[in-house]
Structure formats: structure tokens, C-alpha cells
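> predicted model, plus sequence, below.
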Amino acid sequence: MPQAEIRTGNGGRKALWATVAVVALAVAGATAGKFMLTRAADRFLVDRGGKAAAVEVDFLGRVHMRDVTLPFAGGRSVRVAAIDGRPRISFLKGGFELKGIELDLAVGKLSVPQASVEEPNFATDAAKAGDQANVTPLKRIERFAAKRVVAPEVTVSQVFAGSKQMTVYKNVAFEDIAGGRVARYSASGANFELALEIQDGDGAPKQEEMSGSMGAMSGKDFDAAYLARIYGEKAGPGDKEPKPLYGPISVKNIVLSHGTSSFRYDEVQSSGLSVRMPTEPLLETLEKLEKLQSADLDALPPAERQAFFKRALSLADIIGKGDIEMLGLKTQISEEDDSGESKTIELAIDKMAVQLEGRTFNGAMHGVSIGEGADYAKFSEASISGFSWDPTMEALTKLVELNEEQLEDFPLTTLMPEFGTIRLKGLDVDMPGETASVAESEAGEDEQGAPGADTDPSASAETLPDRDPSDGADNQDAPLDEAPADQATMPSVPERIRFTLDSYEVALTKPRNGIPTEVRIAYQDLSVPVPSDAEDEASKALRQLGLDKLIISSNFELAWDEPKENLVIKEISLSGKDMGSLSFSGIMGGATKDFFSGDMTAAQMALFGLTVREAKLKFEDKGIMTKGIKLYADENAMTEDSVRGILVMMTTAGLQQFASTQPKLQEAAMALSQFINKPGTFTLTAKAKDAAGISALELVGAAEHPALLLDKVDLGATAQ
């Protein structure tokens, strides 16, 4: 047994010494690795222009840095209170924990109490090559890669034009970061506060504070490196076309409150935004504009003033293509009226959409309603398409180059944008009108006629002064007694304003020097109820015709034919449902380019040069004549056939007598008689015999002697 114990002891001692040797080698390796990692961490900071108060590496290869400062684009710097973690070593994945991140930017301040970086990679092939000390901050952004960056809280503070905003994002995550781009990013929500500097009723500035929150946010394809380029660099030879800045983005449940008022969006989303590189760094432009914002622009030297406006104009051209949709807007505005009663105005919009592409703009709102109690106004759609500020930008670019003398001759109409087409659909309004009033004297008349009132005519007669009974007839032009105008009035129940409109459209397109050369203004089915208790003559006449509501439509459309120098009146029409329609069209010659020059004098001269070449008048009966005949028959105890027969006979006799003196009107007279006998469509056309048309002077002369025009035109008439 002693020998066995000795052998066992020898084996134990060998195992012990082997273990000690392995530990010694491990300690030596760890010590060497610790030393090498420490030097690598120091070199990492120095090469990138950074510094740290302390850099340590433990025996497990974890790096600990304190009070780290790293340079950022635009001469800014990032401050980090603590960095703990391990870079990627062989098969071991790296990761870092950061605390106390502070970044001051020109547009605000970024603060991150804590963040985690999963699988960072600073040793890309591009990062290994070259002198790291000469690498720009932008390149460092492009070379950074990580699987995921997570921060429980991110605070962004901004101050611009006297307005302050602070937003706190929760559970922020960036995934698949490489090449300066973030493939996906998200946040579970956010809270924000706004302090806006606005003017009160007296024009004095005051601070208005608002607060709000946002729900889940998500986005894709954010190019952080390109954003840094936009702020810190100017466009190069290969930067003529806009490039994507971010892809699809969504923010849900946005809520904003201010006192007793609030509004919210169910969701705000976008398919992305592309931006063009500016001619000078955006940060530099913003700083220069901010310095001159409070300055008196008129007091600046012309060169500085021109430079200011050029910089401001350049901002409009950096937008390439983008869109935004806002879904489910709901707003409540509560306030007290003059009597101290609280009232709430509610606004709801199902969807708002905006599209930008260069200098063009398209927008639409769907499902809009605004109301207070039983009062409301709503429409199904309002849109604008084809709006372009390209003419405005071109004119402003020329304008800023001019001196004061040249400005006097500048055509200001060229500053007008191209408005495109504006549409409104499904309008429905039910609102209170003006409050009617009744004079107290009128109310007093009822009281005087009431039982027990003093009605002795002699008593009242004694109080009246003697006057000539003819005064009322002889002094009709004398001023009326002013007493009724000064009498107190008592408000009555306000009348309601009720109407619906199927569609309304205004198209102002193809401008020439800011003046549209194509115009269209139209509305369809404007429906206005005819009150049963209305006492005006128009309402009475409509009710007698059997109309309980008036439904009318109208269209006005013209265009300039530049090659032929014609102003084409495509249609000017007015129609009523179950009534009829009246339309006019024609061609006016002599519409030269001076008419659209923007020069008032030249435009007036061109106006006198217009001529009438063709004209067409069309009337279509859709029930108005039948209703009128029936009304006349009922009022005069006659049959409709007898009324129609008398009307045809009288009209035919009158037209034949008139046509006998003017044979050229014979065709028109016959067509009109046929139309009255059997209403349908009556069309009258006139075309100038002279290809140049009928001048304005000839039209003025024909105003006194219309027959003079008959020798200058070819007339045509049909009845169907």
C-alpha cells in the first residue's frame, strides 16, 4: 500500500504540474492577449481621431473604455460615457454595451442612455486598407457594420426658429447595418413635447406647449451615409440624379393634445423618399440662412441678398420623389363662445395623400367631415393634380439676378405656378345661415292690437302734427324716416344653408408667362332645396313649377390654339335637371401671343384685336316648357294643348312677320317654330364670311343696328 500510495502520489504530482503548466501558458497567453488588445483599442481610437480617459482589457478579452470621444461629420463629436464589450475574435462573436451616448448636431441633440451593439465588425476589407487617420467620418459610417443595434430609449431634442421639440423613442432597434445603410429599423413607441412660438391677437410672441405620443414605428432601407453626405458635402459629377434616402416607413397611432383640443392619426406611412445632392453642403446652407433670417434683407448689399435667395431656392430642388399618406385623422377643438357655453368642433379625414416629384405636386383628401352638433360640412374627395412650381422657380431664379431698375419691368405674372386641376366631389353642407331679425316695433304692433290696448283713434290723432296728405306722394325722393333703422331688433331662429354638390372642377393648365392657356371650370348637380315657406318670388315660381329642389350644372371651357392664333370657346353651358340646358361655343381669332405676354399694355392691345369667327347656341328642353305650359294652363283654367296651340300660333306669326323683313332669318324662324311646337333641341349657328372674323368695332356698331351683322355671317338653325 505505501508503494501504491507513492505511485499514486507521483501521478497526482505529474497531473498537478501539467495543470500548472497549462494555466501558466493560459495566463501568459491571456496577458499577452490583454496587452495586444489594449494596444489595439488605443490604436483604434487614435486612428479615428478619438480619445478616452481610460482603456482597459480584462483576462477574458473584454474591452472597457471610459469617457470616449469620437469625431463626427460636420466638425461635431460623439461622447460616450462607457463602452464595455469584446470585438470579434476568431469564431467568437463580438458585442458591445454603450452607456451615456451624447451627440450634438446642427439640427438638434441626440441622447442615448444605454445601447447594445450585436456582432459589430470594424475590420472590413475597406477598413483594413489605407491610413485610418485620413479616413473621413463619412467613410467610417460606411465601413461600420453590425447585425443589430438596440437602445431602450433614445431622446432627440431640436430647436428651430424659436420652436422647441423633444422626442423620446422607446425600444429602438436597427438591424443589418452595412455600407452605411440600415436594412430595417423600428421603435415600439415615442412621446414628444412641442413648444411653439406664435403670435397672439396683438402680434406679441407667446409660447404654446403641446404634448403627444406615437405608437409602433418601422422602416426599411435607410441610407445614413447618404444623409451624412447631404449635410456635409456638395454635389459631385455623378450626383445629377436623386438617390433613395429611405424606403417604406410607417408610424401608427399619433396623438397630439393642446389644452382641451386634440388630434390623432391612425397611421402615417410613406413608400420612400429620394433626394438630390445639394450644390453646397446642406448644413452650410442652413447655417447661412439662419444667420440672415433675422437680418433686414433690404439693407443687405445686392450681392449678399441675391446669394441669400439663391440658397433658399436651391433647397426646393433637392427633393427627388417622395410620398406620404395620413390615415384616420380625428380632431376635436373645444372652446367657449361669447356666452360662456362650451362647444366642440370635430374634424375627421379618412385619408390624406401627397406625392412630390421634382417640382410637381399631387395631393388628395378622402372622406372629410367637419361639424359641430347638428351642423356639418363634408365631402368625399378633394384633390389637386398637376400642380407645378417650375414656372415660379424659373421666374424667381431670373428675378434675383435683377437690380432695382430692372425689377420695374419684370412681368410678375411669370411668378404664377401651374395650378393643374383642382377637384371636389360629394360635397354636403347643412349649416346655420345668417340669423334673421325682427324689429321690436313690428312685435309691438301685435301688442297694440291685443285686447286691452289703447285703440282710441282720437287719442292717437291728437298726437299727430298737421301735414299735407300729399306729402307722401310729392316727396318720394326725400330721405326716409331713419327711425326704423335705429329700432332694436330681436333675433329669430337662423335659416339653414343646405346644399349638395356632386362634383366641382377647376383646371388651369399650360401657362404662358403665368397665364393659363387652357381653362376649365365646371360643377355637376348642385342641389339646393326650395323651402316650402320661402316668400321670395324665385322660390314661389320654382314651387309652382313642381320643383322642390333645384339641381343645376355648369361648364366653362376654353383653350388657346397658338398655331392658328384662335381662342377656342369649347363650351359655356348651364343646365337644370328636369328643366333643360343652354350652351354656347365659338372661335375667336386674333389671339396672338401678346395676349399672354404678362405685359398689361400689350394684353389690352391684343384684346382689341380679337375677332369673332364662329358661334353656336344650343338649347335643349328637358321638361321646362312642359312644366311652364302646365302651370299656365292650371292658373287660367285651360288645357295644356290649347295653351301650346296659342303659344305656337303667336310665336309663328311673330317670327314670320320678322322674317319677312329679314329673309336670311327665315330658316332660323322655321326651326324655332318647330322647336316650340315640339320641344327638343334647338341649335343656332353663325359663321363669319370673312376668314379673319368680325372685329370688335363691327360688333360695337351692330349693337345699335343688329341687322348689319346679317350680311357678314352665314346663319344656320335646326330643331330636333
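Noted; the coordinates are in hand.

> right, and the helix or strand after the helix or strand harbouring residue 371?
In this structure, residue 371 sits in strand 360-372 according to DSSP states H and E. Following strand 360-372 in sequence order, the next helix or strand is strand 375-388 (DSSP H and E).

> could you name the helices and strands sitting against the very next helix or strand once past that next one?
Once strand 375-388 ends, the next helix or strand along the chain (criterion: DSSP H and E) is helix 390-399. If contacts are counted by 3 or more CB pairs under 8 Å, 6 or more residues apart in numbering; DSSP states H and E, helix 390-399 sits against helix 302-315. Yep, even glycine has a C-beta here, placed from its N, CA and C like the rest.

> go with 10 Å
helix 302-315, helix 404-407, strand 496-512 (3 or more CB pairs under 10 Å, 6 or more residues apart in numbering; DSSP states H and E).

> what's near enough to touch residue 168?
111, 153-157, 189-193, 213 (CB atoms under 10 Å, 6 or more residues apart in numbering).

> restricted to strands, list those.
Applying DSSP state E to these, the entries found in strands are 111, 153-157, 189-193, 213.

> nearest to residue 696, out of the contacts of residue 168: which one, please.
Proximity of the contacts of residue 168 to residue 696 (CB to CB) peaks at residue 192, which lies at 63.6 Å.

> pLDDT value on the closest one, please?
Here, the pLDDT recorded for residue 192 equals 91.

> one more: the one 3 residues further on?
As summarised for this prediction, residue 195 has a pLDDT of 82.

> and it, how many neighbours?
14 (other CB atoms under 10 Å).

> tell me the bridge partners for it.
Beta-bridge pairing of residue 195 under DSSP bridges involves residue 164, residue 209.

> quick one: it and residue 263, what's the gap?
18 Å (CB to CB, to the nearest Å).

> what does residue 191 give?
For residue 191, the distance to residue 263 - CB to CB - is 16 Å.

> so these two - more neighbours on which side?
Neighbour count, other CB under 10 Å: between residue 191 and residue 263, residue 263 has more, with 18 against 15.

> tell me the secondary structure for the closest residue to the more buried one other than its chain neighbours?
Nearest residue to residue 263, sequence neighbours excluded (CB to CB, 6 or more residues apart in numbering): residue 331, at 3.8 Å. Secondary structure, DSSP: H, G, I helix; E, B strand; the rest coil: residue 331 is strand.

> any idea how far residue 331 is from residue 369?
With CB to CB as the criterion, residue 331 and residue 369 are 11 Å apart.

> intersection of neighbour lists for these two?
346-349.

> most neighbours, which of these?
Neighbour-wise, the shared contacts of residue 331 and residue 369 (other CB under 10 Å) top out at residue 349, 20 neighbours.

> check the offset of the helix or strand containing that residue from the chain's centre.
Per DSSP H and E: residue 349 is located in strand 342-357. Distance of strand 342-357 from the chain centroid (CA atoms, centre = their mean, to the nearest Å) equals 11 Å.

> just stretch 657-673 next, same as before
The answer for stretch 657-673 is 56 Å, by CA atoms, centre = their mean.

> can I get the shared contacts of residue 331 and residue 369 in a markdown table including distance to residue 711 and pLDDT?
Shown next, in a markdown table, are these (distance: CB to CB, whole Å; pLDDT from 0 to 100):
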| residue | distance to residue 711 | pLDDT |
| --- | --- | --- |
| 346 | 66 | 91 |
| 347 | 63 | 93 |
| 348 | 64 | 95 |
| 349 | 61 | 96 |
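
> that'll do, ta.
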